[in-house]
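Chemist: got a predicted model here, sequence first, then my questions.
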Amino acid sequence: MATMDVRFSGSVPANYEKHLVPLLFRPYAQVMAERAAEFQPGTF
C-alpha cells in the first residue's frame, strides 16, 4: 500500500470561515431569515 503525506497549509480560521461556515450554517440562516420575514419587521 502506498503512503501519502498530506500537509495542511494556510490559516485554519480562514479556511473554517470560508468552507465550513457556509456548509454548516447557510441552511439554518435561510430558515431563520424566512421566519423573521414572516413577522414583517419594520412595519411597527
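Modeler: That came through, no problem. Residues are numbered from 1 along each chain as shown.

Chemist: now the longest helix anywhere in the chain - C-alpha only, PDB.
Modeler: Looking across the chain with DSSP state H, the single longest helix is helix 21-38. Only the C-alpha atoms of helix 21-38 are listed here, as PDB (Å, rounded to 0.1, in the frame of the first residue of the first chain):
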ATOM      1  CA  VAL A  21     -19.300  28.100   8.000                       C
ATOM      2  CA  PRO A  22     -21.400  28.300   4.800                       C
ATOM      3  CA  LEU A  23     -21.700  24.500   4.600                       C
ATOM      4  CA  LEU A  24     -22.900  24.100   8.200                       C
ATOM      5  CA  PHE A  25     -24.900  27.300   8.800                       C
ATOM      6  CA  ARG A  26     -26.300  28.600   5.500                       C
ATOM      7  CA  PRO A  27     -29.400  26.300   5.600                       C
ATOM      8  CA  TYR A  28     -30.200  27.400   9.200                       C
ATOM      9  CA  ALA A  29     -29.600  31.100   8.300                       C
ATOM     10  CA  GLN A  30     -32.000  30.800   5.400                       C
ATOM     11  CA  VAL A  31     -34.800  29.300   7.500                       C
ATOM     12  CA  MET A  32     -34.300  32.000  10.200                       C
ATOM     13  CA  ALA A  33     -34.400  34.800   7.600                       C
ATOM     14  CA  GLU A  34     -37.700  33.400   6.200                       C
ATOM     15  CA  ARG A  35     -39.200  33.100   9.700                       C
ATOM     16  CA  ALA A  36     -38.100  36.600  10.600                       C
ATOM     17  CA  ALA A  37     -39.600  38.000   7.400                       C
ATOM     18  CA  GLU A  38     -43.000  36.500   8.400                       C
END
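
Chemist: what mean pLDDT does it get?
Modeler: Helix 21-38 shows a mean pLDDT of 94.

Chemist: helices and strands around that helix, which ones?
Modeler: Contacts defined by 3 or more CB pairs under 8 Å, 6 or more residues apart in numbering; DSSP states H and E place helix 21-38 against no helix or strand at all. To be clear about C-beta, it is placed using only N, CA and C from the backbone, and glycine gets the same treatment.

Chemist: now do the buried residues in that helix.
Modeler: Buried residues in helix 21-38, counting neighbours by 16 or more other CB atoms under 10 Å, are absent.
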